[in-house]
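A.B. asks: here is my input, please return the structure:
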Amino acid sequence: MNTAVLSRSVSRRLAAQVDTLGALNAQIAELQGQAELIKAELKSTGLDTIEGVVFKCVIAVVEQARLDSSKVKALLTPAQIAACTRVTESVRLTVFDR
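C.D. replies: Just a heads-up that it's a prediction; the model follows:
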């Protein structure tokens, strides 16, 4: 990864951006927790539709089929798995408390 030397002002601005991102991530986590609690309550009602003043919630049971990769790997040879494996590169940002 690039470790170029940055000017003091750029370094301070980026440090502030990191702190802002960390604070936003904390707020998002809190809101997601609240949303999960509300979703659980709404699901437990057994209703199909719940209307608010501004929003409407439709609750539906959806069946999904997914490939069990561990079972597939047990059936295929390592060469077959390699032939079917697609590798992509991404950049990940991880923000930690200090």
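A.B. asks: low pLDDT regions in the protein?
C.D. replies: The model of the chain has pLDDT under 70 over residues 1-3.
A.B. asks: grab the longest helix from it for me.
C.D. replies: In the chain, taking DSSP state H as the definition, the longest helix is helix 8-44.
A.B. asks: run me through the strand neighbours of the very next helix or strand once past it, direction for each.
C.D. replies: If you walk from helix 8-44 toward the C-terminus, the next helix or strand you reach (DSSP states H and E) is strand 49-51. Strand pairing for strand 49-51, using DSSP bridges, gives strand 56-58 (antiparallel).
A.B. asks: export the helix or strand just after the strand it pairs with as PDB, just CAs?
C.D. replies: Heading C-terminal from strand 56-58, the first helix or strand you meet, by DSSP H and E, is helix 69-75. Presented in PDB, the C-alpha positions along helix 69-75 are these (Å, rounded to 0.1, in the frame of the first residue of the first chain):
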ATOM      1  CA  SER A  69     -20.100 -24.500  -0.800                       C
ATOM      2  CA  SER A  70     -18.700 -27.000   1.700                       C
ATOM      3  CA  LYS A  71     -20.700 -29.800   0.200                       C
ATOM      4  CA  VAL A  72     -19.600 -28.800  -3.300                       C
ATOM      5  CA  LYS A  73     -16.000 -28.700  -2.200                       C
ATOM      6  CA  ALA A  74     -16.400 -32.200  -0.900                       C
ATOM      7  CA  LEU A  75     -17.600 -33.400  -4.300                       C
END
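A.B. asks: contact partners of helix 69-75?
C.D. replies: The set of residues external to helix 69-75 that reach it, using C-beta atoms under 8 Å, 6 or more residues apart in numbering, is I81. Where C-beta positions appear, they are placed from N, C-alpha and C, glycine not excepted.
A.B. asks: give the next helix or strand downstream of that helix.
C.D. replies: Once the chain leaves helix 69-75, the next helix or strand it forms, by DSSP H and E, is helix 78-83.
A.B. asks: may I have that next one as CSV, with CA atoms only?
C.D. replies: Listed next in CSV are the C-alpha coordinates belonging to helix 78-83 (Å, rounded to 0.1, in the frame of the first residue of the first chain):
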residue,chain,number,x,y,z
PRO,A,78,-9.0,-29.2,-5.9
ALA,A,79,-8.3,-28.6,-9.6
GLN,A,80,-12.1,-28.4,-10.4
ILE,A,81,-12.5,-25.9,-7.5
ALA,A,82,-9.6,-23.8,-8.8
ALA,A,83,-11.1,-23.8,-12.3
